[in-house]
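Asker: attaching a predicted model along with its sequence, questions to come.
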Amino acid sequence: MNFPSYLLRRILLMIPTFFGITILCFGVFQIAPGGPVENYLAKIRFSGGSGAGGEAGHGAGSASNRAVTEEVVEELKKRYNFDKPIYVRYGLWLKDLAQLEFGYSHTQGQKVLDVIVSKLPVSLIFGLTSFFLTYLVCIPLGIIKALRDGSRFDMSTSGLLFVLYSVPEFMLAILLIHFFAGGQYFEWFPIQGLHSLDWESFTLWEKFKDVTWHMVLPLICYMIGNFTTLTILMKNSIIEQIKQDYVRAALARGVSQRVVVFKHALRNAILPISTGFGGILLAFFSGSLLIEKIFNLDGIGKLLYQATIERDYPIVMAVIAIVAILGQFALLLSDILYRLIDPRIDFSSKD
């Protein structure tokens with residue numbers, strides 16, 4: 001099977017994969033207790049019973065709640081399509097999705113697409129920045145560690161990386177704030193937010209510096225997990241290539257180690273980490289609930305958590321659908337980049 005045929009097969013396989021993901025998630029959300037209808041009715045009951053006091057007030061409130069519920073419940077079911085079978089509701093959701101209509105958020109009071117777009121800048125900034133910085137730093141650092149394998153530099157940096165990797169991201173965030181933003185030790189960075197309160201009055205350059213300064217601590221938390229993994233993977237890949245016969249032959253001919261590594265070994269060594277290059281697509285929707293909560297960042301992670309808690313299913317399903325599509329195209333992009341880096345890669349099926 002040639003590469004174009006392989007790509008076509010992969011694209012065709014995306015369709016059932018997408019349906020599988022969305023059907024499973026849609027079904028779970030639809031049958032889970034405490035949906036939008038129940039939440040809305042609970043708000044009506046709470047407001048209806050909170051205005052009166054004493055026995056009489058409580059009894060009047062209860063009667064009013066029953067009357068309101070009987071009048072409103074059918075209208076609410078129609079509004080959220082809960083008067084229809086689940087497969088019909090899924091079909092209506094797919095129809096809206098095909099028209100890029102993600103529905104209406106009953107908690108935000110806006111169109112779902114508008115809500116997601118409003119939260120996207122934070123995820124976009126941190127997702128793309130952490131993605132590029134991770135690879136820009138990990139690849140050179142991994143190469144240096146491989147060339148200096150066993151040295152004091154290699155041992156000390158490996159120890160530091162593994163210590164940072166073992167610390168949970170929320171704990172690392174708390175420690176960074178405590179030591180570098182809380183004021184007890186150093187007050188080098190802002191505690192939370194993406195910009196200062198008077199940000200609007202800044203010049204363009206001042207805005208850039210202010211946002212960059214606010215990003216430092218949360219960006220460290222975003223990067224640290226992948227940073228350690230990619231650095232060690234890059235180092236081991238370089239070491240593995242250095243042991244190959246073609247590298248030894250080049251060194252025997254008098255070619256310097258640096259030239260051999262950067263001109264020949266690097267191309268082969270970068271293959272194992274090239275599978276993550278497609279993650280640039282998912283970087284647009286990158287979000288971490290804990291990091292966004294601790295640093296008070298209003299991004300996709302925090303939005304998805306709040307929507308799940310409040311049973312705002314249109315938002316949850318919209319994010320899941322977008323991430324499912326981007327995730328599959330990210331894997332496809334990784335395969336394409338893999339083939340571009342090494343055209344000898346054979347994607348032939350062995351079935």
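Answerer: Received it, and whenever you're ready, just let me know what you need.
Asker: now name the helix or strand holding P218.
Answerer: For P218, the element it lies in under DSSP states H and E is helix 204-242.
Asker: in which helix or strand would I find the residue nearest to Q108 when sequence neighbours are not counted?
Answerer: Distance criterion CB to CB, 6 or more residues apart in numbering; nearest residue to Q108, sequence neighbours excluded, is V115 at 4.9 Å. Bear in mind the C-beta positions are built from the backbone N, C-alpha and C, glycine included. Per DSSP H and E: V115 is located in helix 112-147.
Asker: buried ones in that helix?
Answerer: Residues of helix 112-147 classed as buried: 112-113, 115-116, 119-120, 122-127, 129-131, 134-135, 138-139, 141-147 (neighbour count, 16 or more other CB atoms under 10 Å).
Asker: try stretch 205-225
Answerer: For stretch 205-225, a neighbour-count test (16+ other CB under 10 Å) marks 210-211, 214-215, 217-225 as buried.
Asker: turn those into JSON lines, including distance to L172 and pLDDT.
Answerer: Shown next, in JSON lines, are the buried residues of stretch 205-225 (distance: CB to CB, whole Å; pLDDT from 0 to 100):
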{"residue": "D210", "distance to L172": "23", "pLDDT": "85"}
{"residue": "V211", "distance to L172": "21", "pLDDT": "86"}
{"residue": "H214", "distance to L172": "17", "pLDDT": "87"}
{"residue": "M215", "distance to L172": "15", "pLDDT": "88"}
{"residue": "L217", "distance to L172": "9", "pLDDT": "89"}
{"residue": "P218", "distance to L172": "10", "pLDDT": "88"}
{"residue": "L219", "distance to L172": "12", "pLDDT": "88"}
{"residue": "I220", "distance to L172": "7", "pLDDT": "87"}
{"residue": "C221", "distance to L172": "5", "pLDDT": "85"}
{"residue": "Y222", "distance to L172": "10", "pLDDT": "82"}
{"residue": "M223", "distance to L172": "11", "pLDDT": "82"}
{"residue": "I224", "distance to L172": "6", "pLDDT": "81"}
{"residue": "G225", "distance to L172": "10", "pLDDT": "73"}
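Asker: nearest to L304, of these?
Answerer: Top of the list for closeness to L304, among the buried residues of stretch 205-225 and by CB to CB, is Y222 at 16.1 Å.
Asker: any idea how far the spatially closest residue to the closest one that is not a sequence neighbour is from M234?
Answerer: In this structure, Y222 finds its nearest non-sequential neighbour in S130, 4.3 Å apart by CB to CB, 6+ apart. Distance of S130 to M234, computed by CB to CB, to the nearest Å: 17 Å.
Asker: repeat that for D335.
Answerer: In terms of CB to CB, D335 sits 20 Å off from M234.
Asker: same thing with R89?
Answerer: 47 Å.
Asker: can you check E169 too?
Answerer: E169 is 22 Å from M234, by CB to CB.
Asker: more crowded one of the two?
Answerer: M234 (25 against 18; other CB atoms under 10 Å).
Asker: surely that one and L141 touch.
Answerer: Yes. If you go by CB atoms under 8 Å, M234 and L141 touch, sitting 7.5 Å apart.
Asker: many thanks, we can stop here.
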